[in-house]
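Q: Pasted the sequence and its predicted model underneath.
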Amino acid sequence: MGGVVWRLCLSEGGLFSLVFGGRKSAMAGRGGWGGGEECIARGGHELWFAMPSAQEIRSRLESYSRAKVSSFLEGAIEELLIKQPIDPIEFLVRYLIQNRQDLRDLVANETLKVAQENGTHALPPDDHPLINKIDELKQTLKEENRIRRKEAKAAASKIQELEERVHQLVMFLSSTRGEEDRLRSMGFRIDTDLDDEMQEFFAWEETVAANSPYDRKNTPTFKFRQYTEFPPMTTRHLSILRSILKPTTFKEYRDERTSFGFTFSNYIQPAVTCPSLRVGVANGDKECYLVFQKISVDIIKSVHGLDPHVHRFRSELSPDSIEVPANFSEVAQVVKSTHLRAVRNLSELPFSAGVNRVERASVEQLLRNALLDFVQDGVYESISSMDPIDEEILLADDLLMQEPAKNSLQQVCGASRDWPENRGIFHNIDNSIVCWLNGEDHLKINVLDKHHDVPLTFRKFCELHEAIKQRMEAAGKHFACDELFGYLSTCPSNAGLGFTCQVVLELETGRKEAESLSQCVTSLNLSLKRQKQAAVKSDVELWVLEHKRAFGVTETDAVRNIIEAIYEIVQSVANLEELPSR
């Protein structure tokens with residue numbers, strides 16, 4: 001028979017793997033595919049059967065995909081069954097193992113249907129773990145995933161609607177009182193005191209925008225301002241900049257600019273034009289930190305509660321210096337996932353707020369090539385042409401770089417000009433490495449692992465960071481870093497280490513324990529917050545343990561403190577007799 005042979009394997013842990021082989025004759029000649037013996041050795045089970053023909057398979061799956069899974073199978077049919085030769089590994093990793101339990105369920109179910117039509121002898125007995133697993137997936141995951149997607153889409157739609165309404169309100173408030181009736185008809189409640197104050201401010205802002213001279217960074221949809229007088233920010237402006245910027249400081253810096261042409265007006269424009277921002281400034285290049293040093297220091301003090309002159313910046317990416325106790329793997333069973341993040345910019349080019357199109361394209365090419373060179377199973381996808389399957393997976397894990405909201409720093413500082421041009425996401429097969437290019441910063445690194453080994457995840461992060469750094473230096477570029485301010489970012493709140501270590505814990509906590517858990521990590525400069533109630537077990541809660549301190553500690557210190565905190569928390573929750581030796 002000339003059909004395609006498939007193998008459906010169930011490992012001991014209940015994970016499906018679906019392998020597409022070559023022709024049956026080729027399989028027989030090799031005596032089987034590699035990996036089958038390994039699966040059996042792990043206590044798994046596997047099912048072998050032959051499909052009738054490529055045409056029959058195609059017809060069946062096309063009908064099935066149109067009816068049930070058209071959103072993510074129709075595009076794969078052409079690749080899987082028409083284009084030759086078939087690449088089974090690529091199809092497997094892209095469509096079956098990327099946290100897609102719902103897709104595994106559907107494909108496994110359809111496979112069994114085809115097998116039944118071509119001989120029931122190929123099926124395992126009714127009590128086989130494979131059948132039980134399919135039933136479990138159908139009952140517990142299919143409906144849960146459907147509800148989750150529906151809720152996510154509804155929430156995203158609501159957020160977008162609210163953002164549009166707020167934007168409309170801001171625009172209308174800049175006009176005359178005659179618009180009040182129109183605002184009320186849209187469902188807004190009018191505060192007349194706010195109207196007077198904000199209308200006067202927006203009238204001033206419109207005049208400034210109209211009279212500002214040409215700036216090479218301008219685009220048809222974004223214009224940089226030039227402030228010749230102290231901005232009359234109102235009590236509705238909530239940024240840190242408003243509280244620290246005085247007329248004397250403005251006069252001191254008003255005519256200053258960096259060698260890349262980023263002016264003081266460009267620097268403070270976010271706080272002036274967007275009252276809701278928390279920080280309010282955007283660094284257009286590495287020189288901004290030094291040219292506007294007084295403001296940079298004051299903002300860091302306000303955000304982090306630390307003086308960079310006292311709590312000096314130190315960086316150490318040294319996974320070998322972390323002593324992991326022998327029993328850590330046992331204690332760390334409470335760890336559900338680990339997420340390490342870092343933001344980096346290149347010192348030889350303007351940052352996202354000050355870059356032009358040519359410079360942005362150069363940043364994309366440099367970082368994309370470096371990542372592709374180091375991560376062998378990685379792929380780079382432009383935002384404008386991303387694979388819908390990858391987009392859905394990244395969105396579900398909150399790793400998709402999307403167009404910023406209209407009142408975000410990235411939008412109001414000019415970092416989103418020409419969106420989505422030269423923006424992209426680099427990720428490997430299992431999405432344990434996800435990097436954003438040309439977002440708010442040149443590079444955002446995400447290293448994630450859904451296992452208990454926190455030190456191993458940190459090692460992976462260190463290797464990736466060092467590999468990118470070396471490749472940048474070989475190209476004559478360097479990560480922007482300063483002795484006082486550390487790694488430099490568009491928003492000074494991310495300066496310093498520019499590094500965050502986050503661990504999600506699954507804990508069985510009662511009310512009494514939950515109230516005291518946060519006290520376990522205070523001395524380690526960590527935060528611990530309840531995330532949500534797990535759906536499967538009502539007595540298990542998810543907690544987020546995070547390190548955000550940017551000065552006075554190293555990245556290695558941060559991970560070491562996370563590991564120590566895990567012991568403290570386990571002791572508090574489980575009432576251990578003594579703290580395990582470390």
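A: Yep, that arrived. Numbering: from 1, shown residues only.

Q: C-alpha from now on. contacts and neighbour counts both.
A: OK.

Q: what comes up buried for stretch 299-306?
A: Within stretch 299-306, the residues that count as buried by 16 or more other C-alpha atoms under 10 Å are Ile299, Ile300, Leu306.

Q: Which residues does that stretch contact?
A: Stretch 299-306 has contacts (C-alpha atoms under 8 Å, 6 or more residues apart in numbering) with Ile240, Leu241, Val279, Asp307, Pro308, Pro492, Ser493, Arg549, Ala550, Phe551.

Q: which one of those is nearest His452?
A: Of all these, Arg549 has the smallest distance to His452: 23.0 Å, by C-alpha to C-alpha.

Q: And for that closest one, the neighbour number?
A: For Arg549, the neighbour count with other C-alpha atoms under 10 Å is 22.

Q: does it count as helix, strand or coil?
A: With DSSP: H, G, I helix; E, B strand; the rest coil as the basis, the three-state label of Arg549 is coil.

Q: Out of the contacts of stretch 299-306, grab the one that's most surrounded.
A: Neighbour counts for these, by other C-alpha under 10 Å, peak at Ala550, which reaches 29 neighbours.

Q: My guess is it contacts Cys501. True?
A: No: assessed by C-alpha atoms under 8 Å, Ala550 is found out of contact with Cys501, at 11.3 Å.

Q: Quick one: neighbours of Asp449, just the number.
A: Neighbour count of Asp449, defined by other C-alpha under 10 Å: 21.

Q: where does it fall, phi/psi-wise?
A: Dihedral pair for Asp449: phi -150, psi 140, per degrees, to the nearest 10.

Q: mind listing what it touches?
A: By C-alpha under 8 Å, 6+ apart, the contact set of Asp449 is Ser337, Thr338, His339, Ser432, Thr457.

Q: I'd say the first one and Thr457 touch.
A: So the one you mean is Ser337. No: between Ser337 and Thr457 there is no contact under C-alpha under 8 Å: 9.8 Å.

Q: Which neighbours do the two have in common?
A: Common contacts of Ser337 and Thr457, defined by C-alpha under 8 Å, 6+ apart, comprise Leu448, Asp449.

Q: What about the contacts of Asp449, which are in helices?
A: Among the contacts of Asp449, the members falling in helices (DSSP state H) are Thr457.

Q: Can you lay out the contacts of Asp449 as JSON lines showing pLDDT, neighbour count and distance to Pro350?
A: As requested, the contacts of Asp449 are exported to JSON lines (pLDDT from 0 to 100; neighbours: other C-alpha atoms under 10 Å; distance: C-alpha to C-alpha, whole Å):
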{"residue": "Ser337", "pLDDT": "91", "neighbour count": "19", "distance to Pro350": "35"}
{"residue": "Thr338", "pLDDT": "94", "neighbour count": "25", "distance to Pro350": "32"}
{"residue": "His339", "pLDDT": "94", "neighbour count": "21", "distance to Pro350": "28"}
{"residue": "Ser432", "pLDDT": "92", "neighbour count": "16", "distance to Pro350": "29"}
{"residue": "Thr457", "pLDDT": "95", "neighbour count": "21", "distance to Pro350": "31"}
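
Q: Next, give me the two most distant ones among the contacts of Asp449.
A: Ser337 and Ser432 (10.8 Å).

Q: what do those two both touch?
A: What both Ser337 and Ser432 touch, as defined by C-alpha under 8 Å, 6+ apart, is the set Leu448, Asp449.
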